[in-house]
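Chemist: need coordinates for the following:
(2 chains)
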Protein chains: 2
Amino acid sequence: MRTPEQVVRAFCAEVSSRDASTVRELFHPDAVFHDPPKQPQRGREEVLSGLAAIFTRFEVVTFEIRHLAAAGEVVLTERVDWLGTKERAAPVPVMGTFEIRDGLIHQWRDYFDQNFATALIQGDQPAG
Amino acid sequence: MRTPEQVVRAFCAEVSSRDASTVRELFHPDAVFHDPPKQPQRGREEVLSGLAAIFTRFEVVTFEIRHLAAAGEVVLTERVDWLGTKERAAPVPVMGTFEIRDGLIHQWRDYFDQNFATALIQGDQPAG
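Modeler: Model prediction:
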């Protein structure tokens, strides 16, 4: 079985495929995704639906890990999530917490500024 | 010398004192604070001025650590930052990265939704 760190590194690598069926195997059936201002997405199917919408919307989805540290089953990440087209992808600064259960992602919480992310993606905001 | 984890735990504990001179000893002279949508605060004096403004504005400043994990000199935190009065403090969901140099905080980056934090602090938004 993969370590918690390996699960999260595999997930961050596999989102680039933009294939929900590929990342599906990494999620626990009771998985929950939450970015605090919004309502949580509960259950693997709902989480994967949310990911599928991102995969449809963006031609490029790359989770670049700046830093990662694990404590037991909890893995904390600092990332740059690149979202956009092949010509222009926006670097969205994000931190995320993953809680692993039975070698699968059970809880996933992402932290970022929603307005800043939107402005970066729309190209209204310089990336600096 | 404190470990990187000990430095960050000490900082998160000491902010409750709301005394910039107490937390000062934990910052490197070249410290930088950054929450991505805003301009970075550069140098210990500027970072401490920012903290002093928070200490003046809020009667309660408590950094509650939900999860913490260290990888070498880098310490990642998932926190609830309680900000407000003794009667009503808002629980702001935050993640933060701390990079330690010479046993002192050299880089500090916080990630949260600015509008959500403002709404929580103003009491416009339920904490759920």
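
Chemist: count of residues packed around the residue nearest to residue A:59 when sequence neighbours are not counted?
Modeler: In space, and not counting its chain neighbours, residue A:59 is closest to residue A:85: 4.8 Å by CB to CB, 6 or more residues apart in numbering or on different chains. Yep, even glycine has a C-beta here, placed from its N, CA and C like the rest. Residue A:85: 10 surrounding residues under other CB atoms under 10 Å in any protein chain shown.

Chemist: before we move on, what about residue A:30?
Modeler: Using other CB under 10 Å as the criterion, the residues surrounding residue A:30 number 12.

Chemist: continuing past the helix or strand in which residue A:100 is found, what's the next helix or strand?
Modeler: If you go by DSSP states H and E, residue A:100 is part of strand A:89-101. Using DSSP H and E, the helix or strand that directly follows strand A:89-101 along the chain is strand A:104-111.

Chemist: quick one: list the elements packing against that following strand.
Modeler: If contacts are counted by 3 or more CB pairs under 8 Å, 6 or more residues apart in numbering or on different chains; DSSP states H and E, strand A:104-111 sits against helix A:4-14, strand A:27-34, strand A:89-101, strand B:89-101.

Chemist: rebuild the ones you listed as CSV, extending it with distance to residue A:75.
Modeler: Formatted as CSV, the helices and strands packed on strand A:104-111 follow (distance: least, CB to CB, whole Å):
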stretch, distance to residue A:75
helix A:4-14, 4
strand A:27-34, 14
strand A:89-101, 5
strand B:89-101, 12
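
Chemist: nearest to residue B:29, out of the ones you listed?
Modeler: Among these, strand B:89-101 comes nearest to residue B:29, with 10.1 Å by CB to CB.

Chemist: orientation of the longest helix seen in chain A relative to strand A:104-111 in degrees?
Modeler: Longest helix in chain A by number of residues (criterion: DSSP state H): helix A:44-57. Put simply, helix A:44-57 runs at 50 degrees to strand A:104-111, going by axes from the mean of the first three to the mean of the last three CA atoms, to 10 degrees.

Chemist: which strands and helices sit next to helix A:44-57?
Modeler: By 3+ CB pairs under 8 Å, 6+ apart, helix A:44-57 packs against helix A:20-24, strand A:27-34, strand A:41-42.

Chemist: show me what counts as buried in that helix.
Modeler: A:44, A:47-48, A:51-52, A:55 (16 or more other CB atoms under 10 Å in any protein chain shown).

Chemist: now swap in stretch A:6-19 and tell me
Modeler: A:7-9, A:11-12, A:14-15, A:18.

Chemist: for stretch A:101-114, same thing?
Modeler: In stretch A:101-114, counting by 16+ other CB under 10 Å, buried: A:104-113.

Chemist: residue A:54 reaches residue A:62, doesn't it?
Modeler: No: in this structure, residue A:54 is not within contact of residue A:62 by CB atoms under 8 Å, at 11.7 Å.
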